[in-house]
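> Task: produce atomic coordinates for the following.
(chains A, B, C, D, E and F)
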There are 6 protein chains.
Amino acid sequence: MPIILFYGPKMEKEKRKELIKSFTESTGRLAGVDPRAVIVKMTESDPAYVGVGGELLEERQQRQRKPSS
Amino acid sequence: MPIILFYGPKMEKEKRKELIKSFTESTGRLAGVDPRAVIVKMTESDPAYVGVGGELLEERQQRQRKPSS
Amino acid sequence: MPIILFYGPKMEKEKRKELIKSFTESTGRLAGVDPRAVIVKMTESDPAYVGVGGELLEERQQRQRKPSS
Amino acid sequence: MPIILFYGPKMEKEKRKELIKSFTESTGRLAGVDPRAVIVKMTESDPAYVGVGGELLEERQQRQRKPSS
Amino acid sequence: MPIILFYGPKMEKEKRKELIKSFTESTGRLAGVDPRAVIVKMTESDPAYVGVGGELLEERQQRQRKPSS
Amino acid sequence: MPIILFYGPKMEKEKRKELIKSFTESTGRLAGVDPRAVIVKMTESDPAYVGVGGELLEERQQRQRKPSS
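Below is the predicted model:
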């Protein structure tokens, strides 16, 4: 009964479906379990609620998008 | 200080309250802890963000509701 | 596909089985899901790795067991 | 690659930023890791979805705010 | 900064490495993130601590291995 | 009832105690909650079970320790 909790960025439904398919297939193949038993739970993380290296991910992303002048 | 993280379907408040009461009572009785210390955190899982056996739960539920013809 | 993550004290197998049965039954009854789909994952928390109110649970428990004199 | 999952009350962005900074700094100093690798994920818990001692946190808070008469 | 928490069966190190590689590659490709930022945390679940459908996974597995006579 | 789940490296008990104290103090101060209600659960992650950027953390650490020649 493998459980996969995924915390990541916002994704379109088609991509989410592909990711679930891929995670499930790899788990079935490598963990030796029936892929029908694999459960994946996806959570979209808001960059305003994630910290990376002490900084809000939202601010890091804004800085990276801004062209230096 | 038992912690119970519950990921499940959307539920009405009265049902949530009963579930919390039941989880807390069982934990107190069987885990030998003071039930006042039990914390339950409920998260409603959107079926469009859950995969079961490689398939989106949302699509599985739609298929199961559709009468076969 | 409800998932229940339980973090609590060390328990004997018979108590764990009863707790799983009770959580599963309550979830089936109150969340309106097939109890066969309920997954419970239990983790024993070592009191030397848990903090409550800023204090190690292990030390709080030792203090509570000691008779005051 | 320390990961910190924080489940707590609603907070303003400035407070969230300070909390992330503080968690990251303490982790770097005490866990002997590069603070740049610390990831913090904050989740706001709705008191209508949290149980404490078998009671909905929402109801406990309402009761505590009400002046006894 | 996607985080993947995987709870599954005991696996050899080579399989774990392949699973991590596969999860990371799929996440980079489908979630539109830098694969170098993907973190995977694997936890081996002891079947004596997992419940499925109200039954201990350990007992379900023993039953399934036993030939019916 | 803030809950903090910390996944990080092996730490001595004194450091764990300081980290718990620091997390609890910051949470009380910044989240506006009673610090006595803060729960911290620490889990030591084995580098052989963590992937970073598609690579086992264990192997990354070994490579970083080896002097290049």
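
> Quick check, central residue of chain A?
Centroid check for chain A by C-alpha atoms, centre = their mean gives A:Gly8 as the closest residue, at 3.2 Å.

> show me what contacts that residue?
A:Gly8 is in contact with A:Met42, A:Thr43, A:Glu44, A:Ser45, E:Pro2, E:Ile3, E:Thr27, E:Ala31, E:Val33, counting by C-beta atoms under 8 Å, 6 or more residues apart in numbering or on different chains. C-beta coordinates here come from the backbone N, C-alpha and C atoms, glycine included.

> let's see 7 Å
Under the criterion of C-beta atoms under 7 Å, 6 or more residues apart in numbering or on different chains, the contact list for A:Gly8 reads A:Ser45, E:Pro2, E:Thr27, E:Ala31, E:Val33.

> Most widely separated two among those residues?
The widest separation within the contacts of A:Gly8, taken as C-beta to C-beta, falls between A:Ser45 and E:Thr27 and amounts to 12.7 Å.

> Show me which of these two is the more surrounded one.
Taking other C-beta atoms under 10 Å in any protein chain shown, A:Ser45 and E:Thr27 do not tie; E:Thr27 has more neighbours (28 against 20).

> Please report how far the more buried one lies from F:Arg36.
For E:Thr27, the distance to F:Arg36 equals 39 Å [C-beta to C-beta, to the nearest Å].

> so where's chain A uncertain?
Filtered on pLDDT under 70, chain A yields the residue ranges A:67-69.

> Do a quick rundown of the strands in it.
Along chain A, counting by DSSP state E, strands occupy A:3-8, A:39-44, A:50-52, A:55-56.

> For A:Gly53, list the residues it contacts.
Contacts of A:Gly53 by C-beta under 7 Å, 6+ apart are D:Thr24, D:Pro35, D:Arg36, D:Val38.

> Narrow those to those that are buried.
D:Thr24, D:Pro35, D:Val38 (16 or more other C-beta atoms under 10 Å in any protein chain shown).

> The last one touches D:Pro2, doesn't it?
It refers to D:Val38. Yes. The criterion here is C-beta atoms under 7 Å, and D:Val38 meets it with D:Pro2 at 5.1 Å.

> who touches both of these two?
In contact with both D:Val38 and D:Pro2: D:Thr27, using C-beta under 7 Å, 6+ apart.

> just to revisit the earlier point, any chance of the contacts of A:Gly53 in a markdown table, with distance to B:Gln61 too?
Listed next are the contacts of A:Gly53 as a markdown table, based on distance: C-beta to C-beta, whole Å:
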| residue | distance to B:Gln61 |
| --- | --- |
| D:Thr24 | 41 |
| D:Pro35 | 44 |
| D:Arg36 | 43 |
| D:Val38 | 39 |
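
> Closest to chain E out of these?
Lowest distance from chain E to these (C-beta to the nearest C-beta) belongs to D:Val38, with 10.6 Å.

> Please report how far that closest one lies from F:Gln61.
Counting by C-beta to C-beta, the gap from D:Val38 to F:Gln61 is 16 Å.

> Also A:Leu56?
Separation of A:Leu56 from F:Gln61 (C-beta to C-beta) stands at 28 Å.

> And the two? Which one has more around it.
Set A:Leu56 next to F:Gln61 and count neighbours by other C-beta under 10 Å: A:Leu56 wins out with 21 against 14.

> Was I right to think that one contacts A:Ala48?
Yes. Applying C-beta under 7 Å, one finds A:Leu56 in contact with A:Ala48, separated by 6.5 Å.

> Return the residues in contact with whichever residue of chain A sits closest to chain B.
Residue of chain A nearest chain B, by C-beta to the nearest C-beta: A:Ile20 (3.3 Å). A:Ile20 sits next to A:Val40, B:Gly51, B:Gly54, B:Leu56 when contact means C-beta under 7 Å, 6+ apart.

> got the contact list for the third one?
Remark: with contacts taken as C-beta under 7 Å, 6+ apart, B:Gly54 is in contact with A:Ile20, A:Lys21, A:Thr24, A:Glu25, A:Pro35, A:Val38.

> cool, and the second one?
With contact taken as C-beta under 7 Å, 6+ apart, B:Gly51 is in contact with A:Ile20, A:Thr24, A:Ile39, A:Val40, B:Leu57.

> and the angle for the longest helix along chain A with strand E:39-44?
Counting residues, the longest helix found in chain A (DSSP state H) is helix A:13-31. Using axes from the mean of the first three to the mean of the last three C-alpha atoms, to 10 degrees, the direction of helix A:13-31 lies 40 degrees away from that of strand E:39-44.

> And helix A:13-31, what's buried?
Residues of helix A:13-31 classed as buried by neighbour count (16+ other C-beta under 10 Å): A:16-17, A:19-24, A:26-28, A:30-31.

> Chain A against chain D: which residues are in contact?
With C-beta under 7 Å from any C-beta of the partner chain as the criterion, chain A comes near chain D at residues A:Tyr7, A:Ser45, A:Ala48, A:Tyr49, A:Val50, A:Gly51, A:Val52, A:Gly53, A:Gly54, A:Leu56.
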